[in-house]
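Q: Generate coordinates for the sequence data below:
(2 chains, ligands or ions: 1)
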Amino acid sequence: MSPHQGSDAPRSDVESIEMRMLLEAVYQHYGYDFRKYARGSLRRRLWRRADAEGVKTISGLQERVLHNPLAMDALLMDLSVNVTAMFRDPTFYVALREKVVPILRTYPFIRIWNAGCSTGEEVYSIAILLQEEGLLERARVYATDINERVLERADHGVIPLERMRAFTQNYQRAGGRSAFSEYYKADRDQARIDRSLLENVVFAHHNLVSDKSFNEFHLIICRNVMIYFDKELQDQVHELFYESLVNLGILALGNKESIRFSSVASCYEELDPEEKIYRRSE
Amino acid sequence: MRYDIVTIGSSWGGLAAIRSVLAGLPADFRPAVVIAQHRSSDSRDKGLAAYYDARCDLPVRTIEDKQPIEEGHVYFAPPDYHLLVDRGFFELSVDLRVQFARPSIDVLFESAVDAYGERVIGVVLTGANADGAAGLSCIHKNGGFTIVQNPATAEKPDMPLAALEAVKRPGAVLDLDEIPTYLTKLAGESS
Ligand SMILES: C[S@@+](CC[C@H](N)C(=O)[O-])C[C@H]1O[C@@H](n2cnc3c(N)ncnc32)[C@H](O)[C@@H]1O
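A: Got it, this is the predicted structure:
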């Protein structure tokens, strides 16, 4: 057997046992299920949390987290990697405009799900694009995340001005049609997103691991969320997305997330394989 | 020792250094070769792989999340992602930069140790920062083999120097043109 085929046997070293126990404890006590998150990032994050708590082992972290809800809060913030940006991967938004918008136009009313929206930068970008295409009025965008804290920030719509300015170049490269500064008001060192962009956006808590499908969508955008899941959980979430799409609905993933290695590969056609945009086949 | 994976970290001057390392590896080189090269976040992924593929006897590939790792293949970390290895497949992350770098060499090296233990070879090449030092030290402590490019012959010596600071006695300190032959010899050893 090639060493790279890997073995499915659970690892029995002490650290792996401690990791499993901690995740099980978190699940049983707090209901958050990180048991099938991808090992590499998870392990880095757990150790970072252990260092920050000043404990020497993952078991030590488990004790902290079980007996102190504040330590759990901190762990949750750490485990839900919230890094995001407006118009991240500009070419993705170009493809959205050129290949997806014409399809969306054919629907009288458009339902979109932005799963794992983090602090909102992605859904602001989607709203701007829809606005410029004249589709925002007849669209409803559901933006969901596991992390309540980031959802509040997303709903609030305030971004440090410096960060906002850094997104300007992305916006232009993404094929933006206006001046980016039209979409926010500068208020000292903060940028306030134009509220009219968010009128048809609904922010809601939704855990992709444990919550069910809640509507049928024409477009689901879930970028850089499933990379934090192991293969089994990825397949499970792919099933959820498949169920949540209308016939011929569209699924957009992150730049390096391929449907190739998943169980639903044959249920989709490629709309733009470079940009990881797929269409549910009939 | 039978090595399963060679992890290479490089930064400033790395593209030329990697070219000469890869060009010297034989077509029957068995371990997978995984490279974290610092580059700008909007550089083109496919172009780089194609460039090296044409200049090396081994197939050179880009990476997508959860892609299986194959023997005798060369892989490049995509720009603007951290690359981690698990047992038999890759994992990507968009976590914040580590020491200003994404991909981070330390992140790659440490994950390789987690997945492959002592069956890892780590190589630190030219660069103007200290990325890779902590990762190489992790490989060293866990029984893997460590190689540092001779700082005197590196385009930028800082990264090799930092690695030598962290790992006082690596497996080998080599000039660039010695590295492929040395790797081939190591890879030929069996358990
Ligand atoms: C790296 S961010 C990606 C943000 C945005 N989609 C982008 O690409 O810029 C990952 C997001 O996924 C969320 N997330 C992680 N696990 C989740 C789960 N089980 N259900 C829903 N969201 C989750 C995190 O809270 C985080 O906000």
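
Q: what residues does the stretch 151-282 of chain A put near the ligand?
A: Listed as neighbours of the ligand in the stretch 151-282 of chain A under the rule C-beta under 6 Å from any ligand atom: A:207-209, A:223-225, A:228. Backbone N, C-alpha and C define where each C-beta goes, glycine included.

Q: what ranges do the strands span in chain A?
A: A:110-115, A:139-145, A:158-160, A:184-187, A:190-193, A:201-205, A:217-222, A:245-253, A:268-272, A:277-280 (DSSP state E).

Q: backbone phi and psi for B:Arg169, please?
A: phi -120, psi 90 (degrees, to the nearest 10).

Q: Tabulate the residues of the stretch 151-282 of chain A next to the ligand (JSON lines), appending distance to A:Thr84, pLDDT and neighbour count.
A: Listed next are these as JSON lines, based on distance: C-beta to C-beta, whole Å; pLDDT from 0 to 100; neighbours: other C-beta atoms under 10 Å in any protein chain shown:
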{"residue": "A:Asn207", "distance to A:Thr84": "18", "pLDDT": "97", "neighbour count": "13"}
{"residue": "A:Leu208", "distance to A:Thr84": "16", "pLDDT": "98", "neighbour count": "19"}
{"residue": "A:Val209", "distance to A:Thr84": "20", "pLDDT": "97", "neighbour count": "17"}
{"residue": "A:Arg223", "distance to A:Thr84": "9", "pLDDT": "98", "neighbour count": "24"}
{"residue": "A:Asn224", "distance to A:Thr84": "8", "pLDDT": "97", "neighbour count": "24"}
{"residue": "A:Val225", "distance to A:Thr84": "10", "pLDDT": "98", "neighbour count": "23"}
{"residue": "A:Tyr228", "distance to A:Thr84": "13", "pLDDT": "97", "neighbour count": "25"}
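
Q: Make TSV out of those and add distance to B:Ala27.
A: Putting these into TSV (distance: C-beta to C-beta, whole Å) gives the following:
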residue	distance to B:Ala27
A:Asn207	48
A:Leu208	43
A:Val209	44
A:Arg223	38
A:Asn224	36
A:Val225	39
A:Tyr228	36
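
Q: Let me know the closest of these to B:Ala166.
A: A:Tyr228 (29.0 Å; C-beta to C-beta).

Q: sorry, back to before: export the strands of chain A to TSV and tack on mean neighbour count and mean pLDDT?
A: Listed next are those as TSV, based on neighbours: other C-beta atoms under 10 Å in any protein chain shown; pLDDT from 0 to 100:
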stretch	mean neighbour count	mean pLDDT
strand A:110-115	23	98
strand A:139-145	22	98
strand A:158-160	16	96
strand A:184-187	14	96
strand A:190-193	18	97
strand A:201-205	17	98
strand A:217-222	24	98
strand A:245-253	20	98
strand A:268-272	16	97
strand A:277-280	21	98
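
Q: In terms of pLDDT, where does the residue sitting nearest the centre point of chain A sit?
A: Nearest residue to the geometric centre of chain A (C-alpha atoms, centre = their mean): A:Gly116, 2.7 Å. On the pLDDT scale, A:Gly116 is placed at 98.

Q: so it makes contact with A:Leu208?
A: Yes: the pair A:Gly116 and A:Leu208 qualifies as a contact (C-beta atoms under 8 Å) at a distance of 7.1 Å.

Q: count of residues packed around B:Asp80?
A: 20 (other C-beta atoms under 10 Å in any protein chain shown).

Q: which residues does A:Met208 contact?
A: No Met there; residue A:208 is Leu. A:Leu208 makes contacts with A:115-116, A:146, A:222, A:225, A:237, A:240, as judged by C-beta atoms under 8 Å, 6 or more residues apart in numbering or on different chains.

Q: out of those, who's near chain B?
A: With C-beta under 8 Å from any C-beta of the partner chain as the criterion, the contacts of A:Leu208 include none near chain B.

Q: tell me which of those residues is nearest to chain B?
A: For those, the minimum distance to chain B (C-beta to the nearest C-beta) is 9.8 Å, reached by A:Val225.

Q: Grab the nearest non-local neighbour of that closest one.
A: Excluding its sequence neighbours, the residue lying closest to A:Val225 (C-beta to C-beta, 6 or more residues apart in numbering or on different chains) is A:Gly116, at 3.2 Å.

Q: Helices along the chain, start to end?
A: Defaulting to chain A. For chain A, the helices defined by DSSP state H occupy A:14-30, A:39-53, A:58-67, A:69-79, A:90-95, A:101-104, A:121-132, A:148-156, A:161-166, A:168-173, A:231-243.

Q: other chain: chain B
A: B:14-23, B:45-53, B:105-116, B:133-141, B:158-166, B:179-188.

Q: So which bits of the last one are buried?
A: The neighbour-count check on helix B:179-188 (16 or more other C-beta atoms under 10 Å in any protein chain shown) flags B:179-180, B:182-183, B:186-187 as buried.

Q: Listing request: residues of chain B with sub-threshold pLDDT.
A: In the predicted model, chain B carries pLDDT under 70 at residues B:190-191.

Q: Near chain A, which residues of it are found?
A: Within reach of chain A by C-beta under 8 Å from any C-beta, chain B has these residues: B:4, B:32, B:63-71, B:78, B:81-82, B:84-89, B:91-96, B:107, B:110-111, B:114, B:116, B:119.

Q: Give me the nearest residue to A:Ala85, chain neighbours excluded.
A: A:Glu121 (5.5 Å).

Q: And the pLDDT at that neighbour?
A: Reported pLDDT for A:Glu121: 98.

Q: next one: A:Pro3
A: Among the per-residue scores, A:Pro3 shows a pLDDT of 65.
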